[in-house]
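Asks: The following comprises the amino acid sequence and a computationally predicted model.
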Amino acid sequence: MTEVPKQASGPAGGRASTKRELPEHFKAYRHVWVVVECEHGVVHPVSFELLGEGRKLADKREVELAGVVLGSDPAAIAAAATACFEYGADRVYTVTDPALAHYRNEAYTKAVTDLVNSYKPEILLLGATAFGRDLAGSVATTLLTGLTADCTALAIDDEGSLAATRPTFGGSLLCTILTLNYRPQMATVRPRVLAMPVRRPGRHGQIIEHPLNLAESEIVTKILQFIADRDSNKAQLAYADIVVAGGLGLRSVENFERVKELAAVLGAEYGGSRPLVQKGWIAADRQIGQTGKTIRPKLYIAAGISGAIQHRVGVEGADLIVAINTDPNAQIFDFAHLGIVADAVTVLPALTVAFRKHLSVNRLAS
Amino acid sequence: MHIVVCMKQVPDSAQIRVHPVTNTIMRQGVPTIINPYDLFALEEAMRLRDQFGGEVTVLTMGPPMAEDSLRKALTFGADRAVLLTDRTFAGSDTLATSFALASALSKIGEVFGPPSLVFTGKQTIDGDTAQVGPGIAKRLALHQLTYVARIVALDPDAATITVERRAEGGIQVLSTRLPALITMLEGVNEIRRGTLESAYRAACAEIVIWNAAAAGIGDLGKCGLRGSPTIVKKVFAPSPRAEKVQQLPTADLPAEAVAESVIREIFKRQPAIEGDLVRFSAGQ
Ligand SMILES: Cc1cc2nc3c(=O)[nH]c(=O)nc-3n(C[C@H](O)[C@H](O)[C@H](O)COP(=O)(O)OP(=O)(O)OC[C@H]3O[C@@H](n4cnc5c(N)ncnc54)[C@H](O)[C@@H]3O)c2cc1C
Ligand SMILES: Nc1ncnc2c1ncn2[C@@H]1O[C@H](COP(=O)(O)O)[C@@H](O)[C@H]1O
């Protein structure tokens, strides 16, 4: 991304206003593409979120939406392609090769850049995951085009360009970035920033196969082993329906247990603000916010969290935000839906008891 | 073995304030620090040097005052510091930044010996893209190892390296050849304090300062604003939410009563949640 120029106060200062004609050789670039992340036979949900958003961009541009599916297993690729169509793609480009069995920068960069050079998309989107971040930088540098990383919103502006918005300066500001004179226009978006689109079973499209043109013997980097995370202790925060989180206002790691107890009753995931990770109260994969996880639950309960901007950007997508804070002027009340000005250390256990009571009554009734 | 660590001087974003009226960053008085993520890269590089011998060079592209951060890195124990500074670099995006840094790395290779390893941090706290490392790797055809959690084995003579890389859903154990570029994961080590001797050396050390020409950059069109395909169209503050928070009464109420009213309000606003919860608790 571009460093924000120091004078960047008003809209469209400096170069931004110098709209030049797109160079002739880029005029053939059309259509919106999403690079689908498919590892161990499973498509990462961020790819579907991107297809949902990509569909809107393609409709606005009156062009097609395509998914790019890479891998080694024809059955997994076919399943991923079907999913792409059902989530809105008109086409799917596939590259099937044993060298693509697992993600490796060299092979995947080669596959994606070859596809781009052959079929010329105007917009290329990836998830801002370990996969997408590793791949996007290499692809953009190979193609010598612009890349806007970790976007929080994508749109087509009045002139038909991709307007990619991302937080800057630690999230205190947002900036909108364009790639005017280069193609494709590339962006990465974090999981859960965009809404999951509705799946339309039976929706079809066209599959276009492309060769890898790279032999395993030419690839220097080898995968010796993959050590999967044990699912049992891995936080599934990003995709949880209910999340209960605590902040420094809880004062001690013992009090943080009240967060876990409420989460357990609700079948929810628990998380926290960044200082709790730094204090060792919670594991790093439970941090919520700009440098942690973005969440999009139906219900988010924040206890003793001030609501700093870096936290806010990670939770704004929640349908209902309930905040418990002793300070009526806490920033979290600027974006919470329900506010409780009270001591979280007493309200949390009361909520746990009340929910438990409520649910057992309802269970008997149903 | 020669190792180069790319590190950036950044404003301490914890202390950044945004002007409430003009929406501009108030930079005055904001202290600068070494990008915290880059310290993990520096420490890892120094550990390899201590084990295998050789030198660690730190490289920064930035304004002249970035010299402070380089000197700090020398006190930690780096052997040499190079500052790449030129007005033509102003406004660089990731593509232009990786071009300038890659050019400087080539020059460093010519002058001080080619590096076997180049380290970067995972990301910066101001640019925050995690893309400069991959950009450098691609330009210099270095084997790219991102999100490295541990260096498992290194053989400088055979020019091979094995690392554990944090991937989606697990750890990839990768082996590749040198020269390679590593972006180091945070939290994997702790920067050393540095010795009295290194502090003394840092105070006297001469920092290598190159402008674009000295770094061998001929094509200024690839630098700074001109070399950046991305354009900042506008900068703005996040918009306040139109809907105001509904504060539930709490004064003089027992916690039980507060809890009851919270639950009522949650179910009123999101009726689906109640059904989900009942099904969940029935399944317990
Ligand atoms: C580059 C950068 C990235 C960052 N990334 C993240 C991130 O991803 N996620 C994140 O969370 N933060 C992040 N931060 C940190 C962020 O700026 C805040 O410092 C942090 O979120 C504050 O955590 P907190 O709300 O738990 O603590 P505090 O700000 O200390 O707030 C504690 C709150 O608890 C309230 N309180 C006190 N006692 C009680 C009580 N008994 N009951 C109820 N409430 C009480 C207080 O009124 C206060 O509002 C980042 C910062 C930087 C600079
Ligand atoms: N101006 C710079 N000078 C030296 N290294 C840099 C610079 N910008 C970025 N880097 C390196 O690239 C990494 C990723 O930066 P970024 O892509 O901005 O998140 C950082 O952790 C640094 O190691």
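Replies: Structure received. Ligands and ions are numbered 1, 2, ... in the order given.
Asks: Identify the residues contacting the spatially closest residue to residue B:42 that is not a sequence neighbour.
Replies: Nearest non-adjacent residue to residue B:42, counting by CB to CB, 6 or more residues apart in numbering or on different chains: residue B:5, 5.0 Å away. Where you see a C-beta, it was placed from the backbone N, CA and C, and this is true even at glycine. Residue B:5 makes contact with B:38, B:41-42, B:45, B:56-59, B:73, B:78, B:118-120, according to CB atoms under 8 Å, 6 or more residues apart in numbering or on different chains.
Asks: Spell out the secondary structure type for residue B:5.
Replies: For residue B:5, the reduced secondary structure class is strand; criterion used: DSSP: H, G, I helix; E, B strand; the rest coil.
Asks: what does stretch A:43-57 contact?
Replies: Contacts of stretch A:43-57 from elsewhere in the structure, counted by CB under 8 Å, 6+ apart, are A:32-38, A:65, A:67, A:80, A:83-84, A:87-89, A:123, A:125-129, A:131-132, A:154-156, A:162, A:189-197, A:199, A:239, B:168.
Asks: Name the residues of the longest helix belonging to chain B that are buried.
Replies: Assignment by DSSP state H gives helix B:94-112 as the longest helix of chain B. Of the residues in helix B:94-112, those buried under the neighbour-count criterion (16 or more other CB atoms under 10 Å in any protein chain shown) are B:94-109, B:112.
Asks: and if you look at stretch B:65-78?
Replies: Neighbour-count burial for stretch B:65-78, with 16+ other CB under 10 Å as criterion, is recorded at B:66-67, B:69-78.
Asks: What are the structural domain limits within chain A?
Replies: Using automatic domain parsing, the domain parsing of chain A gives A:24-218, A:237-365.
Asks: is the last one anywhere near ligand 1?
Replies: Yes: judged by CB under 6 Å from any ligand atom, domain A:237-365 comes into contact with ligand 1 at A:247-249, A:273-275, A:287-292, A:304-306, A:308, A:310-311, A:314, A:324-327, A:330, A:343-345.
Asks: returning to what we had before: what about ligand 2: which of the contacts of residue B:5 touch it?
Replies: With CB under 6 Å from any ligand atom as the criterion, the members of the contacts of residue B:5 in contact with ligand 2 are B:38, B:59, B:120.
Asks: I'd like the distance between residue A:168 and residue B:13.
Replies: Distance check for residue A:168 against residue B:13: by CB to CB, to the nearest Å, it reads 10 Å.
Asks: Ignore what I typed, I meant residue A:38.
Replies: Counting by CB to CB, the gap from residue A:38 to residue B:13 is 35 Å.
Asks: So which of those two has more stuff around it?
Replies: residue A:38 (24 against 20; other CB atoms under 10 Å in any protein chain shown).
Asks: For that one, which residues are in contact?
Replies: Contacts for residue A:38 were tallied using CB under 8 Å, 6+ apart; they are A:44, A:47, A:69-71, A:76-77, A:80.
Asks: isn't residue A:87 right next to residue A:195, touching?
Replies: No: in this structure, residue A:87 sits apart from residue A:195 without contact. The criterion is CB atoms under 8 Å, and the distance is 11.9 Å.
Asks: out of these two, which sits in the more crowded spot?
Replies: Legend: neighbour count by other CB under 10 Å for residue A:87 and residue A:195, higher for residue A:87 (26 against 11).
Asks: For the residue nearest to residue B:164 when sequence neighbours are not counted, give me phi and psi.
Replies: Residue nearest to residue B:164 in three dimensions, not counting chain neighbours: residue B:150, with 4.4 Å by CB to CB, 6+ apart. Comment: the main-chain dihedrals of residue B:150 come out as phi -160, psi 140, following degrees, to the nearest 10.
Asks: Kindly give the local confidence score, pLDDT, for residue B:30.
Replies: Per-residue pLDDT puts residue B:30 at 81.
Asks: Surely it is within a helix?
Replies: No: when three-state DSSP is applied, residue B:30 is found to be coil, with no helix at that position.
Asks: What does residue B:142 show for phi and psi?
Replies: With angles defined as degrees, to the nearest 10, residue B:142 sits at phi -90, psi 150.
Asks: The contacts of stretch A:43-57, buried ones only, as a PyMOL selection?
Replies: Applying 16+ other CB under 10 Å to the contacts of stretch A:43-57 leaves a buried subset, and the PyMOL line that selects it is:
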select buried, (chain A and resi 32+33+34+35+36+37+38+65+67+80+83+84+87+88+89+123+125+126+127+128+129+131+132+154+156+162+189+190+191+192+193+194+197) or (chain B and resi 168)
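Asks: What about residue A:269, how many residues nearby?
Replies: Residue A:269 is flanked by 22 other residues according to other CB under 10 Å.
Asks: what number of residues lie near the residue in the stretch 51-200 of chain B positioned nearest to ligand 1?
Replies: Nearest residue of the stretch 51-200 of chain B to ligand 1: residue B:125, at 4.6 Å (CB to the nearest ligand atom). Residue B:125: 22 surrounding residues under other CB under 10 Å.
Asks: Per-residue pLDDT of it, please?
Replies: So residue B:125 comes in at 85 (pLDDT).
Asks: related to what we said a few turns ago, tell me which two in the buried residues of stretch B:65-78 are the farthest apart.
Replies: Farthest pair in those (CB to CB) is B:66 and B:77. Separation: 18.8 Å.
Asks: Helix or strand for the closest residue to ligand 2 within the stretch 151-284 of chain B, just tell me which one.
Replies: For the stretch 151-284 of chain B, the nearest residue to ligand 2 under the criterion CB to the nearest ligand atom is residue B:183, separated by 6.7 Å. With elements taken from DSSP states H and E, the one containing residue B:183 is strand B:180-184.
Asks: Understood, closing this out.
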